[in-house]
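Visitor: coords please:
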Amino acid sequence: MFYLSLIEHTLRLPPQLLGLPLNEAIKGELESLVLDKVIANLGLCISVYDIRCIDGGFVFPGDGASTYTVEFRLVMFRPFVGEIITTKLKESDSNGLRYPYIYGSLDYDGLGLVSWWLSIKSGGTRRQS
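Guide: Reported below is the predicted structural model:
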């Protein structure tokens with residue numbers, strides 16, 4: 001259900017964040033970039049687990065931001081086929097199932113993963129019973 005995924009990404013760090021400690025600034029940018037987003041073939045990003053490597057710090061001509069190559073790990077939520085998820089159902093309609101879910105600092109009440117996962121596994125269509 002939960003996985004650690006190792007990712008390398010070229011990250012642009014805006015000039016206003018250069019006053020912060022580098023790890024803190026990069027982690028904040030990564031969180032705004034990937035948190036609560038579904039990444040193809042990985043799942044839903046729950047948290048930035050750690051930052052393993054930071055390289056670069058280049059400033060390209062005409063751009064005041066520095067650019068870093070960052071290697072980091074993400075905590076991903078990806079249920080496997082046949083996995084049972086226990087939750088309270090909020091509503092059900094032709095668009096799918098909606099339920100609230102809470103993981104650590106993530107408190108989100110929206111389109112649930114069940115609908116997303118059913119859509120992905122069925123090739124983008126769901127059968128009506």
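
Visitor: how about the contacts made by Glu31?
Guide: Val48 (Cβ atoms under 8 Å, 6 or more residues apart in numbering). All C-beta spots, glycine's among them, are computed from the backbone N, C-alpha and C.

Visitor: ok, it to Lys37 distance?
Guide: 10 Å (Cβ to Cβ, to the nearest Å).

Visitor: and the helices in this structure, which stretches?
Guide: Using DSSP state H, the helices assigned to the chain run over residues 22-34, 113-121.

Visitor: list the contacts for the closest residue to Arg73 other than its chain neighbours?
Guide: For Arg73, the nearest residue in space outside its immediate sequence neighbours is Tyr49; the separation is 4.2 Å by Cβ to Cβ, 6 or more residues apart in numbering. Residues in contact with Tyr49 (Cβ under 8 Å, 6+ apart) are 4, 72-75.

Visitor: please apply the same query to Leu74.
Guide: By Cβ under 8 Å, 6+ apart, the neighbours of Leu74 are 4-5, 7, 34, 39, 42, 45-49.

Visitor: about what we covered before: and the helices of the chain, which one averages the lowest pLDDT?
Guide: When the helices of the chain are ranked by mean pLDDT, helix 113-121 comes last with a mean of 43.

Visitor: need phi/psi at Pro79.
Guide: Torsion angles at Pro79 (phi, psi; degrees, to the nearest 10) stand at phi -70, psi 150.

Visitor: can you pull the buried residues of the lengthiest strand in the chain?
Guide: In the chain, with assignment by DSSP state E, the single longest strand is strand 43-59. Of the residues in strand 43-59, 43-48 count as buried by neighbour count, 16 or more other Cβ atoms under 10 Å.

Visitor: what's the neighbour count on the nearest residue to Leu20 once chain neighbours are set aside?
Guide: Nearest non-adjacent residue to Leu20, counting by Cβ to Cβ, 6+ apart: Gly28, 7.6 Å away. For Gly28, the count of nearby residues is 14 (other Cβ atoms under 10 Å).

Visitor: mind pulling up the pLDDT for Asp109?
Guide: For Asp109, the pLDDT comes out at 42.

Visitor: can you list the strands that the longest strand of the chain pairs with?
Guide: strand 38-39 (antiparallel), strand 66-77 (antiparallel) (DSSP bridges).
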